[in-house]
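J.: Here's a sequence, model it:
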Amino acid sequence: MLIIVFFAFFGCAYEFTKCYLEKLFKINDDDDVDDSNNEDNFEEQNKTEQRPLTRCEKFLLVLIVLLGIICQPIYLMIYLLYALMECYRRFNCWFYYID
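T.: So this is what the prediction gives:
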């Protein structure tokens with residue numbers, strides 16, 4: 001229940017923040033990793049090398065969270081439409097009204 005409430009109020013901000021942080025650390029980790037390492041070493045380096053965010057990155061993160069809060073109603077409408085379409089698809093009740 002708490003997860004549903006969290007996504008109802010902060011889902012868009014969470015998604016934006018997650019994408020930004022994944023891209024930020026992926027770009028920085030790709031420069032440091034040698035191609036000869038296998039995937040296990042790559043995963044271990046990602047877990048151990050968490051550098052602190054710079055001041056500019058923190059500022060951008062705050063702006064992204066604010067943008068996510070502003071876009072939250074659109075996020076909810078899209079997921080509501082997606083849930084409605086999924087319900088129609090699963091229960092085979094697509095209705096086409098022709099005037």
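J.: helices or strands up against whichever strand or helix holds Ile4?
T.: Element membership for Ile4 (DSSP states H and E) is helix 2-32. Secondary-structure packing of helix 2-32 (3 or more Cβ pairs under 8 Å, 6 or more residues apart in numbering; DSSP states H and E): helix 39-48, helix 55-70, helix 72-90. (C-beta placed from N, C-alpha, C; glycine too.)
J.: In that helix, which residues are buried?
T.: 7, 10-13, 16, 20 (16 or more other Cβ atoms under 10 Å).
J.: Make a markdown table from these and add pLDDT and distance to Leu84 to it.
T.: Output for the buried residues of helix 2-32, formatted as a markdown table (pLDDT from 0 to 100; distance: Cβ to Cβ, whole Å):
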| residue | pLDDT | distance to Leu84 |
| --- | --- | --- |
| Phe7 | 86 | 17 |
| Phe10 | 90 | 22 |
| Gly11 | 90 | 17 |
| Cys12 | 90 | 19 |
| Ala13 | 92 | 24 |
| Phe16 | 92 | 24 |
| Tyr20 | 90 | 29 |
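J.: how near is the nearest residue to Leu60 once chain neighbours are set aside to Leu53?
T.: Among residues not flanking Leu60 along the chain, Tyr20 sits closest, at 7.3 Å (Cβ to Cβ, 6 or more residues apart in numbering). As judged by Cβ to Cβ, to the nearest Å, Tyr20 and Leu53 stand 11 Å apart.
J.: next one: Asn92
T.: Applying Cβ to Cβ to Asn92 and Leu53 gives a distance of 49 Å.
J.: More neighbours: which of those two?
T.: Leu53 (14 against 6; other Cβ atoms under 10 Å).
J.: Tell me how many other residues surround the nearest residue to the more buried one once chain neighbours are set aside.
T.: In space, and not counting its chain neighbours, Leu53 is closest to Leu61: 7.0 Å by Cβ to Cβ, 6+ apart. Other residues lying near Leu61 total 16 when counted by other Cβ under 10 Å.
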